[in-house]
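> please find the sequence and the predicted model below.
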Number of protein chains: 2
Amino acid sequence: MKFGGTSMAGTERIRRVARIVRRQQAAGHEVAVVVSAMAGETDRLVTFCREANPLYDPAEYDVVVASGEQVTAGLLALTLQALGCRARSWLGWQMALHTVGAHAKARVTSIDTAALLASMAAGEIAVIPGFQGLSQDGRITTLGRGGSDTSAVAVAAAIGADRCDIYTDVDGVYTTDPRIVAKARKLKYVTYEEMLELASVGAKVLQTRSVGLAMKAGVRVQVLSSFIDDDAAPADDIPGTMIVSDAELDRIMKDQNMERQLITGIAHDKNEAKIILTRVPDRPGAVAHIFSPLAAAAINVDMIIQNVGREKGETDVTFTVPQADLARSQALLEGQKGAIGFNRIITDSKIAKISVVGVGMKSHAGVAATMFKALADRAINIQAISTSEIKVSVLIDEDETELAVRVLHTAYGLDTASEAA
Amino acid sequence: MKFGGTSMAGTERIRRVARIVRRQQAAGHEVAVVVSAMAGETDRLVTFCREANPLYDPAEYDVVVASGEQVTAGLLALTLQALGCRARSWLGWQMALHTVGAHAKARVTSIDTAALLASMAAGEIAVIPGFQGLSQDGRITTLGRGGSDTSAVAVAAAIGADRCDIYTDVDGVYTTDPRIVAKARKLKYVTYEEMLELASVGAKVLQTRSVGLAMKAGVRVQVLSSFIDDDAAPADDIPGTMIVSDAELDRIMKDQNMERQLITGIAHDKNEAKIILTRVPDRPGAVAHIFSPLAAAAINVDMIIQNVGREKGETDVTFTVPQADLARSQALLEGQKGAIGFNRIITDSKIAKISVVGVGMKSHAGVAATMFKALADRAINIQAISTSEIKVSVLIDEDETELAVRVLHTAYGLDTASEAA
């Protein structure tokens, strides 16, 4: 079980978490709980680090920021004890949760589970601070912001957990953002691949890395809300959304004699910005001059489209970068103007990316065509298109985001009242 | 060097601390720094623990409260780096600082210094969170409130430091409380024994246990202010008060051709309460029935006086306990009424203990007589007396505290303007 910062924000909320954990134990499960820091605490600690040293040493940053989860782990253990459960905390260096790589963005390599499993088998609930690990030279590391999801999946994989329940402030994964589409439905199942696409294009429920890790390790992950009434449903029901492999979902659908949906959900992302370089010489190597410096600066280029220019032997190159990296990208490209040979840079941060996601589309033609027609019918102009095996994304004007999401949600039949799967 | 919570409260103050540390390093010293949590932080964490579980598990309490020093250790290392120093943090489990005994009040047994000393010899400033250690079974322990002073002395002893400078919010140890006596003078030297008496009777500059440890290990401890201008004096001066052994102080006085003072200081303590049990049978074992249950409840009984009662074969027993333990003491004694056989309990929390402290009094008669006469001249009633080799304490009405301290400060010639030693 993993609880996020909103669920751990203060004594009362931690008590609620403890009751949810106790209920799982009472249902006969051995339980390990991974916790985030109280909401706002990591930001507070990061601010301290920045004030102390703007160019902070990531090793000491890790010492400071890892303390937030240490506090909530101890407090949850105390609260569980107050409810009559046996419980103890296991800090990253105590388990130990071994990591490699740079401080502040370390990667989990292995977890020593012998002592942990013995304690759990003896009826003790293990409370584990998320986000933190131990480096090869015996120092505290952290896994990057949102890393507690990754901790939870890594622990679940290491101890061979039947399930990894990620409690958060939403009650599952929806067909689209319910704030935009009132008829959005909660999905009972979603595949790892779909979740990766949904997460990376704006459905920020789980850290992307944790989904990748769950897929690799075959950990069944459930996303559910910690704000549900903890006595509402039996402990083994699925109140949230279960993230499983494609093969397992096939099996489940067959067992339940149900058909899989073609499209699982519609995601949107307003955090990208568009860059157009006009009149780039249409010759070998020109494109490399554009994207190599961006890659070297760790700027994540998403969609890339090359348009034929007005003049012969020239082309317009369009691509997207995160809005936060737009200014830096522009500066880098201006510095390469001679090497690339473009005419000018046009940028637009008032764009949105809309994505239709579904494993089902692998075996069905016409998904993209449905999308283009639905948008054209409402006069929504498509500025760029990109596709993968399970996703079609388009770039549109930011002002048309909500309209586009609603139109597509209807077009793919996601509005119906039946339980989605 | 050790810095308390007031000195570590916030980015600006930590920067000031870093400048003081850098100045010591620049003077050619190898430096280890022990830090407290930011002022107020430990209280905040303790409150969380109490809210989580009023009967908290000290092992998990330690996990929670130790985080405060972890944060300041990381932040001071970052701040030192920002000033161009090399620095790294060494958490209690990393050094390791080994402890035994109960959680929340563990005792230091040994410190692994090889890696620490190698790092310091290589020019790296060691930043060590105070208050925290490692238990024999690999869990976080804490040394009790104020334990950072003990951490500092223990580290100083383990690494063979020339000096342990304890920076605090006062600039040294005074002949008495300067808020009461404007003419109170800062002492340049004080012996361990005197400091123990001064600390335990109200001059709350250092944790008592740290002074005992310094005495045992022969660590020269300096108390000084972290709010002085860090460029005011050369690094090797004594801006604060140096706590040394009796023998060393003799040597220093001889070198400087100075005479030692008879009395070092006047301390007061308003935190005690008086209990009188009337008409206790004057027979063997009666007193044991009084004090055994209090000792078993870890209630620290200080002064004990037995008065002859009005009736033959009976006696009144008077003693003091900390005010915070008064209600608990009363309840315990009422429960023992049959066994003790007293008539009634009279309590008074409006009392103060005034103590005259000085190693010099060992070799001089008349110190107590001077005290009694000075108080009698101002009609201050003495309710009880207790003496040790280097201290005379009396119990008086709390309202007369300030008057008594002033009168005694003058009576022992401590008001003069010359430098005290």
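Cool, the structure landed.
> give me the below-cutoff pLDDT ranges for the stretch 151-300 of chain A.
Scanning the stretch 151-300 of chain A for pLDDT under 70 picks out A:200-204, A:228-237.
> quick one: neighbours of the closest residue to A:S225 other than its chain neighbours, just the number.
Using Cβ to Cβ, 6 or more residues apart in numbering or on different chains and skipping residues adjacent in sequence, the residue nearest A:S225 is A:D171, 3.6 Å away. Glycine gets a C-beta too; all of them are placed from N, C-alpha and C. A:D171 has 18 neighbours, counted by other Cβ atoms under 10 Å in any protein chain shown.
> touching, A:A217 and A:A157? I think so.
Yes: counting by Cβ atoms under 8 Å, A:A217 does reach A:A157; the two are 3.7 Å apart.
> of these two, give the one with the bigger neighbour count.
Between A:A217 and A:A157, counted using other Cβ under 10 Å, A:A157 has the larger neighbour count: 18 against 14.
> secondary structure element for that one?
helix A:147-158 (DSSP states H and E).
> only alpha carbons, please: show that helix as PDB.
Below are the C-alpha coordinates for helix A:147-158, written out as PDB (Å, rounded to 0.1, in the frame of the first residue of the first chain):
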ATOM      1  CA  GLY A 147       9.600   8.800  -6.400                       C
ATOM      2  CA  SER A 148       7.400   7.300  -3.700                       C
ATOM      3  CA  ASP A 149       5.300   5.600  -6.300                       C
ATOM      4  CA  THR A 150       8.500   4.000  -7.600                       C
ATOM      5  CA  SER A 151       9.500   3.000  -4.100                       C
ATOM      6  CA  ALA A 152       6.100   1.300  -3.600                       C
ATOM      7  CA  VAL A 153       6.300  -0.700  -6.900                       C
ATOM      8  CA  ALA A 154      10.000  -1.600  -6.200                       C
ATOM      9  CA  VAL A 155       9.100  -2.900  -2.700                       C
ATOM     10  CA  ALA A 156       6.100  -4.700  -4.100                       C
ATOM     11  CA  ALA A 157       8.200  -6.400  -6.700                       C
ATOM     12  CA  ALA A 158      11.000  -7.300  -4.200                       C
END
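> list the contacts of it.
Contact with helix A:147-158 is made by A:1-2, A:4, A:32, A:34-36, A:69, A:97, A:108, A:110-111, A:113, A:128-133, A:143-144, A:161, A:163-164, A:166, A:206-207, A:209-210, A:213-214, A:217-219, A:221, as judged by Cβ atoms under 8 Å, 6 or more residues apart in numbering or on different chains.
> make it 7 Å
The contact list for helix A:147-158 (Cβ atoms under 7 Å, 6 or more residues apart in numbering or on different chains) reads A:2, A:32, A:34, A:36, A:108, A:111, A:113, A:128, A:130-131, A:143, A:164, A:166, A:206-207, A:209-210, A:213-214, A:217, A:219, A:221.
> list only buried entries from these.
Among these, the ones that count as buried by 16 or more other Cβ atoms under 10 Å in any protein chain shown are A:2, A:32, A:34, A:36, A:108, A:111, A:113, A:128, A:130-131, A:143, A:164, A:166, A:206-207, A:209-210, A:213-214, A:219, A:221.
> which bits of chain A sit near chain B?
Residues of chain A found near chain B (Cβ under 7 Å from any Cβ of the partner chain) are A:11, A:14, A:45, A:48-49, A:51-53, A:56-57, A:60, A:63-64, A:67, A:70-71, A:73-75, A:77-79, A:81-82, A:89, A:93-94, A:138.
> let me know the pLDDT of the residue lying farthest from the centre of chain A.
Seen from the C-alpha centroid of chain A, the residue lying at the greatest distance (Cα atoms, centre = their mean) is A:K312, 43.2 Å away. With respect to pLDDT, A:K312 has a value of 75.
> pick out the residue of the stretch 201-350 of chain A closest to chain B.
Chain B sits closest to A:S226 of the stretch 201-350 of chain A, with a gap of 16.8 Å, by Cβ to the nearest Cβ.
> now do the same contact list for that residue.
Counting by Cβ under 7 Å, 6+ apart, A:S226 touches A:3, A:7, A:16-17, A:20, A:167.
> go on, A:L408?
When contacts are counted by Cβ under 7 Å, 6+ apart, A:L408 is found next to A:266, A:354, A:356, A:371, A:374.
> show me what counts as buried in the host helix or strand of it.
Element membership of A:L408, judged by DSSP H and E, is helix A:401-411. Buried positions in helix A:401-411, judged by neighbour count with 16+ other Cβ under 10 Å: A:401, A:403-409, A:411.
> likewise stretch A:129-138?
Judged by neighbour count (16+ other Cβ under 10 Å), stretch A:129-138 contains these buried residues: A:129-135.
> which one of these is nearest B:D302?
Checking those against B:D302 by Cβ to Cβ gives A:P129 as the nearest, at 42.6 Å.
> wait, doesn't that closest one sit right on A:W90?
No: using Cβ atoms under 7 Å, A:P129 makes no contact with A:W90, being 8.2 Å away.
> spell out the secondary structure type for A:A267.
Following DSSP: H, G, I helix; E, B strand; the rest coil, the label given to A:A267 is strand.
> typed the wrong thing, it's A:V46
helix.
> ok, it - how many residues close by?
Neighbour tally, A:V46, other Cβ under 10 Å: 17.
> how close does it get to A:A104?
Distance of A:V46 to A:A104, given as Cβ to Cβ, to the nearest Å: 10 Å.
> one more: A:Y61?
According to Cβ to Cβ, A:Y61 stands 6 Å off from A:A104.
> so those two - more neighbours on which side?
A:Y61 (25 against 20).
> which stretch of helix or strand covers the closest residue to A:E400 other than its chain neighbours?
Spatial nearest neighbour of A:E400, chain neighbours left out: A:I380 (5.0 Å); criterion: Cβ to Cβ, 6+ apart. If you go by DSSP H and E, A:I380 is not part of any helix or strand.
> where does A:I380 land on pLDDT?
So, for A:I380, pLDDT stands at 95.
> can you pull the phi/psi pair for it?
Backbone geometry at A:I380, expressed as degrees, to the nearest 10, gives phi -90, psi 120.
> look at it and say how many residues are nearby.
Per other Cβ under 10 Å, the neighbour tally for A:I380 reads 20.
> isn't it up against A:I396?
Yes: using Cβ under 7 Å, A:I380 makes contact with A:I396 at a distance of 5.6 Å.
> overlap of the contact sets of the two?
Common neighbours of A:I380 and A:I396 are listed as A:A404 (criterion: Cβ under 7 Å, 6+ apart).
> before we move on, the earlier item: give me the common contacts of A:V46 and A:A104.
Counting by Cβ under 7 Å, 6+ apart, nothing touches both A:V46 and A:A104.
> near A:P178, how many other residues are there?
By the measure other Cβ under 10 Å, the count of residues near A:P178 is 14.
> let me see the contact set for it.
Taking Cβ under 7 Å, 6+ apart, one finds A:A184 in contact with A:P178.
> ok, and what's touching the helix or strand containing A:T370?
Element membership for A:T370, per DSSP H and E: helix A:367-377. Outside helix A:367-377, the residues that touch it by Cβ under 7 Å, 6+ apart are A:262-263, A:356, A:361, A:382, A:387, A:392, A:394, A:404, A:407-408, A:411-412.
> stretch A:186-199 now?
With Cβ under 7 Å, 6+ apart as the test, stretch A:186-199 has contacts from A:171-175, A:205-206, A:208, A:211-212, A:214-215, A:238, A:241-246, A:249, A:252, A:264-265, A:267, A:355, A:357-359, A:390-391, A:419-421.
> one more pass at 6 Å, please.
Outside stretch A:186-199, the residues that touch it by Cβ atoms under 6 Å, 6 or more residues apart in numbering or on different chains are A:172-174, A:206, A:208, A:211, A:215, A:241-243, A:246, A:249, A:264-265, A:267, A:357, A:359, A:390-391, A:420-421.
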